[in-house]
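**Q** build the 3D model from these lines:
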Amino acid sequence: MSTDAPPDDSTNVELAISGMTCASCANRIERKLNKLDGVRATVNYATEKAKVSFPGSVSTDDLVATVRAAGYAAALPQPVGLDEHAQRGEPHQRGEPDVEVDGLRRRLVVSALLTVPVIALAMVPAFQFTNWQWASLTLAAPVVVGGAWPFHRAAWTNLRHGTTTMDTLVSVGVLAAFGWSLVALFWGTAGTPGMTHAFRFTVERTDGLDNIYLEAAAGVTTFLLAGRWFEKRSKRRAGAALKALLSLGAKEVAVLSDGVERLVPASALAVGDTFVVRPGEKIATDGVVESGTSAVDASMLTGEPVPVEVGPGSAVTGATVNAGGRLVVRATRVGADTQLAQMARLVEDAQNGKAEAQRLADRISGFFVPVVIALAVATLGFWLGAGGSTSAAFTAAVSVLNIACPCALGLATPTALMVGTGRGAQLGILIRGPEVLESTRRVDTVVLDKTGTVTTGRMSLVDVVAADGESVDDVRRVAAAIESGSEHPIARAIADPWGTSVGLTGDALPEVVDFANVEGLGVRGTVEGRSVVVGRPRLLAEHGLVLSDALVAAIERAEQQGRTAVAVGWDGRARGVLVVSDTVKPSSAAAVRELRELGLRPVLLTGDNERAARAVAAEVGIDEVIAEVLPADKVDVVKRLQAQGRVVAMVGDGVNDAAALAQADLGLAMGTGTDVAIEASDLTLVRGDLRVAADAVRLARRTLATIKGNLFWAFAYNLAALPLAAAGLLNPMLAGGAMALSSVFVVSNSLRLRRFR
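**A** Numbers count the residues shown, from 1 in each chain. Below is the predicted model of the structure:
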């Protein structure tokens, strides 16, 4: 299949595929679809979906018909909103019965009840009463015919379409063992009353028609039914995080119209609608708080356990829970545009992707079954040619059929991806696809944008220095009153009524008259009869307000720390200095330490001045600083680092970071940033905590390690097991059990990612 990008006029669609039973099925459908002109398809066995890109000359009906012609069923997704999607389930909701899994379980239980006595009679000679073999036949026949019916039906479908899959191996192996037993019972000596034989772990080379394999026929069927049931159940559990994500949204919402509340389905909300959220209710969609204050629990989306305080003007996200007071929210995004829907879409896209190693495994599974059948025939011929008995040759050939398993190859990557990306979504980490996992392993340098990533991105008042004889509270109160008339970020930091980080208190600000803004220097006005000036020292000097040596020293100290100092004065002299700064996030220092522990070299990148950048870098523990970089030049910095042989990860949040995020070997966007930055990234960190970047790298590496472990096991199992079976070292029943165990192992190993912390 070509790896070229699809043409610009192509359409993308996702097909739900049913009827696949192994990786060979997925490979076959993929090859059939890719034979259509201009079609590029990727079929994922674990998610049971096909991601297809096709030109205008091909219709969706053609795609569905092609899948059906291959012997499988296909359906287009229903064009429903997120809430209906969640209500209908994807493919089913927790607690809702799964018909396929339940049907397998019933078939498994009946088969197991009938198989256990058959195996016990075959393995323990003391249990072998007169005519025990005929009792075994009575018990085994329903298992071979009814229990194994899904395998026989799929094998027949494959035969009609001229192909083979794992079901072919199972069906042929089970029927061959059962057929040989019938021949031995009716035409050989195995049906003689009083006949006994011991169970052997290996092939007995001198057997004739006095040996039966009913325990192998029934045991293989039951083992494989158990493996398939566990596999299906585990695949549902692997995708449970995405299903949980889809089901988070509110189902109903109280829309506010002309002061009257009206309960409507959440899917009926439109942008601009105003709705009410009471304590304990989910916020129906993304929006902005119009009135009310509360704490919002966003842990289900971000993994952050601490509720966030919100008030008028605060942005809120759909599916988060109002933990406090009554809120009135105006909807800004609905349906597929909400953050929840985008998260679900990113996770689903990632789960449908394939790593390069998986593509190799898929190619192998495409010709795996025919090779195994040929190997079984060759084993039969070799044993007969070497002078072995017909029974021994037949037993070795059946063991080869029973032990081969392409399923483990097909499940290796997708199950780990399903669990890893799902767990990431629960922790507020969105992984775009399997290729991202490879990048995290190679990265050695992490470039951190300063503003909004390492720092809060908001100016805050961090210190107030009062002149001798002045009150700190009074200096701050008067300055805040004057600055309240300005929209400048520094003015907002000083006037912010919640800016109590420096331990200030105060009531309502006094009234300001004759307010004036002095461009680039500061502001002035009259407060409580006093003519007040706030701004640069130069502005105070122009008004004859002299700064004392202590205040000059405070300004110099602030500037050395990369902070901004604002002087305030009235009645002929300067009264104090207010220091504002873009404060470092409390978690940034810990995040840098964690990134270093992962073997990453942190670099601080900013357009800010060198002194301010160095101050921030020193506070969080970064040695390498690249400052005074224009937004357009950030991508050049990344290119320069790559030219030095470094593999670069970039963490940013703004529009000006988008190009650098796209250029980097690994782009990580803070979810609190812009949509442009998020779109350009490989990993999205839903909450604005830099420590999540380290968690994201660890999760991605752990998922990659799990994929590689799965693939190693799948390849090693088949490479080791097939020669053992061909050499006659495995009983067919044990071979079938090992085959089922291989798929179970791969899925179980992937499920360990659910415990990632």
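
**Q** after the least confident helix or strand in the chain by mean pLDDT comes which helix or strand?
**A** Ranked by mean pLDDT, DSSP states H and E, the weakest helix or strand in the chain is helix 82-88, scoring a mean of 40. Sequence order places helix 99-123 as the next helix or strand after helix 82-88, per DSSP states H and E.

**Q** and that following helix, what does it pack against?
**A** Helices and strands touching helix 99-123, as assessed by 3 or more CB pairs under 8 Å, 6 or more residues apart in numbering; DSSP states H and E, comprise helix 132-142, helix 214-238. (C-beta placed from N, C-alpha, C; glycine too.)

**Q** now do it: distance to the chain's middle.
**A** 36 Å (CA atoms, centre = their mean, to the nearest Å).

**Q** list the buried ones in that helix?
**A** 101, 104-105, 107-108, 110-112, 114-115, 117-119, 121-123 (16 or more other CB atoms under 10 Å).

**Q** sorry, back to before: deepest of the helices and strands packed on helix 99-123, which one?
**A** helix 214-238 (a mean of 25; mean count of other CB atoms under 10 Å).

**Q** could you check the angle helix 99-123 makes with that helix?
**A** Here helix 214-238 runs at an angle of 150 degrees relative to helix 99-123 (axes from the mean of the first three to the mean of the last three CA atoms, to 10 degrees).

**Q** the inter-axis angle of helix 214-238 versus helix 132-142?
**A** Computed by the same axes, to 10 degrees, the angle separating helix 214-238 from helix 132-142 equals 30 degrees.

**Q** would you reformat the helices and strands packed on helix 99-123 as a markdown table and include distance to residue 194?
**A** Putting those into a markdown table (distance: least, CB to CB, whole Å) gives the following:
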| stretch | distance to residue 194 |
| --- | --- |
| helix 132-142 | 9 |
| helix 214-238 | 17 |
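
**Q** worst mean pLDDT among these?
**A** Mean pLDDT is lowest for helix 214-238 among the helices and strands packed on helix 99-123, at a mean of 74.

**Q** mind checking which helix or strand the residue lying closest to residue 70 once chain neighbours are set aside is in?
**A** Using CB to CB, 6 or more residues apart in numbering and skipping the chain neighbours, the partner closest in space to residue 70 is residue 32 (4.8 Å). Here residue 32 sits within helix 23-34, counting by DSSP H and E.

**Q** quick one: strands adjacent to the following helix or strand past that helix?
**A** Where DSSP H and E defines the elements, the next helix or strand beyond helix 23-34 is strand 40-44. The strands that strand 40-44 pairs with in its sheet are strand 49-54 (antiparallel) (by DSSP bridges).

**Q** output the strand it pairs with as CSV, restricted to C-alpha atoms.
**A** Provided in CSV are the C-alpha atoms of strand 49-54 (Å, rounded to 0.1, in the frame of the first residue of the first chain):
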residue,chain,number,x,y,z
LYS,A,49,-13.0,-0.3,11.9
ALA,A,50,-11.6,0.7,8.6
LYS,A,51,-10.3,4.2,8.0
VAL,A,52,-10.7,4.9,4.2
SER,A,53,-9.6,7.7,2.0
PHE,A,54,-11.2,7.6,-1.4
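
**Q** and the contacts of it?
**A** Under the contact criterion CB atoms under 8 Å, 6 or more residues apart in numbering, strand 49-54 has outside partners 6, 10-17, 29-30, 33, 36, 38-44, 60, 62-63, 67, 74, 352.

**Q** centre of the chain to stretch 703-716, how far?
**A** Worked out by CA atoms, centre = their mean, stretch 703-716 lies 18 Å from the chain centre.

**Q** and residue 517, which of the three is it?
**A** Classification of residue 517 using DSSP: H, G, I helix; E, B strand; the rest coil returns strand.

**Q** pLDDT score assigned to it?
**A** The model's pLDDT for residue 517 equals 82.

**Q** find the nearest non-adjacent residue to it, please.
**A** residue 523 (5.3 Å).

**Q** what packs against the strand or helix carrying the one you found?
**A** If you go by DSSP H and E, residue 523 is part of strand 522-527. If you count contacts as 3+ CB pairs under 8 Å, 6+ apart, strand 522-527 packs onto helix 472-483, strand 512-518, strand 530-535.

**Q** how about these in TSV, adding distance to residue 557?
**A** TSV is the format used below for the helices and strands packed on strand 522-527 (distance: least, CB to CB, whole Å):
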stretch	distance to residue 557
helix 472-483	16
strand 512-518	25
strand 530-535	19
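
**Q** please name whichever of these is nearest to residue 704.
**A** Nearest to residue 704, of all the helices and strands packed on strand 522-527, is helix 472-483, at 51.3 Å by CB to CB.

**Q** quick check: next helix or strand after that closest one?
**A** helix 489-495.

**Q** pLDDT (mean, whole number) over stretch 626-640?
**A** 81.

**Q** just use 19 as the starting number from now, easier for me
**A** From this message on, residue numbering opens at 19, which makes the last subject stretch 644-658.

**Q** can you get me the start-to-end distance on it?
**A** One end of stretch 644-658 to the other measures 12 Å (CA to CA, to the nearest Å).

**Q** who touches that stretch?
**A** Under CB under 8 Å, 6+ apart, the answer for stretch 644-658 is 465, 467, 621-628, 630-632, 666, 668, 670, 672, 674-675, 677-678, 680-682.

**Q** now it, how far from the centre of its chain.
**A** 30 Å.

**Q** go on, stretch 86-94?
**A** 28 Å.

**Q** any idea how far residue 80 is from the residue nearest to residue 88?
**A** Applying CB to CB, to the nearest Å, the value for residue 50 to residue 80 is 11 Å.

**Q** so between the two, which is more surrounded?
**A** Set residue 50 next to residue 80 and count neighbours by other CB atoms under 10 Å: residue 50 wins out with 21 against 15.

**Q** the more buried one is in contact with residue 85, isn't it?
**A** Yes: counting by CB atoms under 8 Å, residue 50 touches residue 85, with 7.3 Å between them.

**Q** ok, residue 732 - how many residues close by?
**A** 27.

**Q** actually residue 459, sorry about that
**A** Close neighbours of residue 459, defined as other CB under 10 Å, add up to 14.

**Q** go on, residue 651?
**A** Residue 651, neighbours per other CB under 10 Å, totals 17.

**Q** picking up where we left off before, what bridges to the residue nearest to residue 535?
**A** Counting by DSSP bridges, residue 541 is bridged to residue 535, residue 552.

**Q** quick one: contacts for it?
**A** By CB under 8 Å, 6+ apart, residue 541 lies in contact with 500-501, 503-504, 509, 533-535, 551-553.
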